[in-house]
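Novice: Here is my input, please return the structure:
(one chain, ligands or ions: 1)
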Amino acid sequence: MSRAYNFCAGPAALPEAVLQRAREEMLDYRGTGMSVMEMSHRDDVIVAMAEQAEKDLRDLMGISDDYAVLFLQGGASAQFAMVPMNLLGDAGRADYINTGQWSSKAIKEARRFGEINVAASSEDRNFTYAPAQSDWRLSDDAAYVHYCPNETIGGLEFDFVPEVDKPLVADMSSTILSRPLDVSRFGLIYAGAQKNIGPAGITVVIVRKDLLGRAGASVPAMMNYQTHAENGSMYNTPPTFAWYLAGLVFQWLKEQGGVDAMGEINRRKADKLYGFIDASGFYSNPVAPTQRSWMNVPFILSDSALDKAFLAEADAAGLRNLKGHRSVGGMRASIYNAVPETAVDALIDFMADFEKRNG
Ligand SMILES: *Cc1c(COP(=O)(O)O)cnc(C)c1O
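Specialist: Below is the predicted model:
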């Protein structure tokens with residue numbers, strides 16, 4: 001067996017140790033004689049598994065009892081609708097910051113439900129920076145402020161947590177668990193699992209409990225956070241296997257030393273790769289240096305005619321999924337928690353060699 005270095009933006013690499021553990025437990029989960037996939041979600045063993053995963057996530061992120069932690073379906077995209085459905089309330093108005101494709105999608109979806117004010121945008125410079133908070137035009141009567149701390153496609157990451165007097169809502173799909181975070185600054189955090197948590201099919205929502213119960217009567221039960229909070233995210237059948245794998249990832253993260261240790265490793269990985277790109281005259285990245293994503297590193301070659309050869313040769317060298325998002329072209333290396341530092345080293349070696357031969 002040989003494992004490739006996988007730089008996919010999502011669904012992304014999982015820790016090898018987690019996959020091995022899942023393989024070991026596949027046919028007989030903890031002496032039950034069954035796979036996790038084959039058991040009722042009401043079974044004590046599965047309820048215990050689910051509770052342990054929540055507890056481990058709470059430990060990792062320092063989530064207090066003031067917050068509910070929900071494990072939902074529908075991906076981050078469903079949250080683009082659930083956030084306004086649940087939080088707009090009587091105000092009917094919210095502020096959004098537009099820093100790229102994911103925040104744009106969130107804005108578009110929220111507009112179905114209320115009046116959405118784009119309080120700041122970095123579209124003027126092709127989403128290569130995060131607008132300074134002093135330039136935001138927040139509304140007085142907004143129910144919440146939404147932003148995307150890490151734009152997965154543009155590779156833009158906020159280097160500050162906004163200070164607002166309304167609940168702060170963050171789409172953390174591609175940055176959650178990548179470094180320490182003060183959860184108490186947020187009203188709600190959501191993240192699709194398939195970047196930094198586990199396999200596709202499960203979505204984590206961390207919501208301050210006082211924000212529950214604000215959905216109108218027309219909001220379907222499945223779209224109402226309160227339903228899921230009251231039922232331990234088991235109102236209906238949850239994606240038990242994805243939840244289980246997410247739990248294994250949380251345990252693996254704890255074994256690595258938690259988000260402090262991951263943050264150190266991630267900083268080093270990102271510094272190395274951006275440092276190499278900046279030192280080269282052949283590769284480049286357009287994002288403001290202090291706001292470059294630690295998780296998603298887009299870059300272009302000085303001559304896009306070489307893109308095809310770059311990708312083919314990288315693939316042959318075991319470096320997979322480096323093609324940039326279809327909307328922007330170029331390259332993108334996603335270097336989430338599960339992508340080891342050796343993968344970044346191998347990528348840099350390959351890039352240096354390719355430049356030598358083609359630069
Ligand atoms: C991947 C991603 C999404 C979309 O996630 P789905 O689970 O496919 O709906 C939304 N926001 C961000 C920041 C993402 O990285």
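Novice: Nearest to the ligand: which residue in the chain?
Specialist: Gly75 (2.5 Å; C-beta to the nearest ligand atom). Placement of C-beta: from N, CA and C, glycine included.
Novice: What is the burial count for that residue?
Specialist: The local packing of Gly75 (other C-beta atoms under 10 Å) involves 19 other residues.
Novice: can you check Tyr147 too?
Specialist: 25.
Novice: who does it bridge with?
Specialist: Beta-bridge pairing of Tyr147, defined through DSSP bridges, involves Ala170.
Novice: That one and Ala170 touch, don't they?
Specialist: Yes: between Tyr147 and Ala170 there is a contact under C-beta atoms under 8 Å: 6.1 Å.
Novice: Could you tell me which ranges of the stretch 101-250 of the chain sit under the pLDDT cut-off?
Specialist: Within the stretch 101-250 of the chain, not a single segment meets pLDDT under 70.
Novice: Residues of it that sit close to the ligand?
Specialist: 102, 148, 152, 171, 173-174, 192, 195 (C-beta under 6 Å from any ligand atom).
Novice: where exactly do the helices run in this protein?
Specialist: Secondary structure of the chain (DSSP state H): helices located at 16-25, 44-61, 75-87, 101-110, 225-230, 240-256, 258-279, 307-316, 341-358.
Novice: tell me the most buried of the ones you listed?
Specialist: Burial of the helices of the chain is given as mean neighbour count (mean count of other C-beta atoms under 10 Å); helix 75-87 ranks first at a mean of 23.
Novice: So Met39 is in contact with Tyr29, correct?
Specialist: Yes: assessed by C-beta under 8 Å, Met39 is found in contact with Tyr29 at 7.3 Å.
Novice: what do the two both touch?
Specialist: Contact criterion C-beta atoms under 8 Å, 6 or more residues apart in numbering; residues shared by Met39 and Tyr29: Val45.
Novice: coming back round to it: which residue sits closest to the residue of the chain closest to the ligand in space, ignoring its chain neighbours?
Specialist: Computed as C-beta to C-beta, 6 or more residues apart in numbering, the closest residue to Gly75 that is not its neighbour in sequence is Gly192, at 4.6 Å.
Novice: try Met37
Specialist: Nearest residue to Met37, sequence neighbours excluded (C-beta to C-beta, 6+ apart): Phe241, at 4.8 Å.
Novice: What residues does that neighbour make contact with?
Specialist: Contacts of Phe241 were listed using C-beta under 8 Å, 6+ apart, and they are 36-37, 199.
Novice: ok, the residue nearest to Ala352 when sequence neighbours are not counted - contacts?
Specialist: Nearest residue to Ala352 in three dimensions, chain neighbours excluded: Phe276, at 7.3 Å (C-beta to C-beta, 6+ apart). Residues in contact with Phe276, defined by C-beta under 8 Å, 6+ apart, are 283, 348, 351-352.
Novice: Is the residue of the chain closest to the ligand in contact with Thr203, as I believe?
Specialist: Yes: contact criterion C-beta under 8 Å: Gly75 and Thr203 qualify, at 5.7 Å.
Novice: what touches both of the two?
Specialist: Common contacts of Gly75 and Thr203 (C-beta under 8 Å, 6+ apart): Gly192.
Novice: before we move on, the earlier item: now tabulate the helices of the chain in TSV and tack on distance to Val69.
Specialist: Formatted as TSV, the helices of the chain follow (distance: least, C-beta to C-beta, whole Å):
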stretch	distance to Val69
helix 16-25	20
helix 44-61	5
helix 75-87	14
helix 101-110	21
helix 225-230	9
helix 240-256	11
helix 258-279	15
helix 307-316	38
helix 341-358	30
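Novice: Tyr129: which of these is closest?
Specialist: Closest to Tyr129 of these is helix 101-110 (C-beta to C-beta; 13.3 Å).
Novice: Can you dump the C-alpha atoms of the closest one in CSV for me?
Specialist: The C-alpha trace of helix 101-110 is given here as CSV (Å, rounded to 0.1, in the frame of the first residue of the first chain):
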residue,chain,number,x,y,z
GLN,A,101,-16.8,33.0,-2.9
TRP,A,102,-18.1,31.4,0.3
SER,A,103,-19.2,34.6,2.0
SER,A,104,-20.8,35.6,-1.3
LYS,A,105,-22.8,32.3,-1.3
ALA,A,106,-23.8,32.9,2.3
ILE,A,107,-25.0,36.4,1.4
LYS,A,108,-27.0,35.2,-1.6
GLU,A,109,-28.8,32.5,0.5
ALA,A,110,-29.5,34.8,3.4
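Novice: What is that helix packed up against?
Specialist: On a contact count with 3 or more C-beta pairs under 8 Å, 6 or more residues apart in numbering; DSSP states H and E, helix 101-110 meets helix 75-87, strand 93-98, strand 115-121, strand 145-147, strand 150-151, strand 168-171.
Novice: Compute the inter-axis angle for it and strand 115-121.
Specialist: 160 degrees (axes from the mean of the first three to the mean of the last three C-alpha atoms, to 10 degrees).
Novice: what angle sits between helix 101-110 and helix 75-87?
Specialist: Using the same axes, to 10 degrees: helix 101-110 against helix 75-87 is 40 degrees.
Novice: who touches helix 101-110?
Specialist: Contacts with helix 101-110, where a contact means C-beta under 8 Å, 6+ apart, come from 76-77, 80-81, 83-84, 94, 96-98, 116, 118, 127, 146-148, 151-154, 171, 173, 325, 327.
Novice: please redo it, this time with the cut-off set to 6 Å
Specialist: The contact list for helix 101-110 (C-beta atoms under 6 Å, 6 or more residues apart in numbering) reads 80-81, 84, 96, 98, 116, 148, 151, 153.
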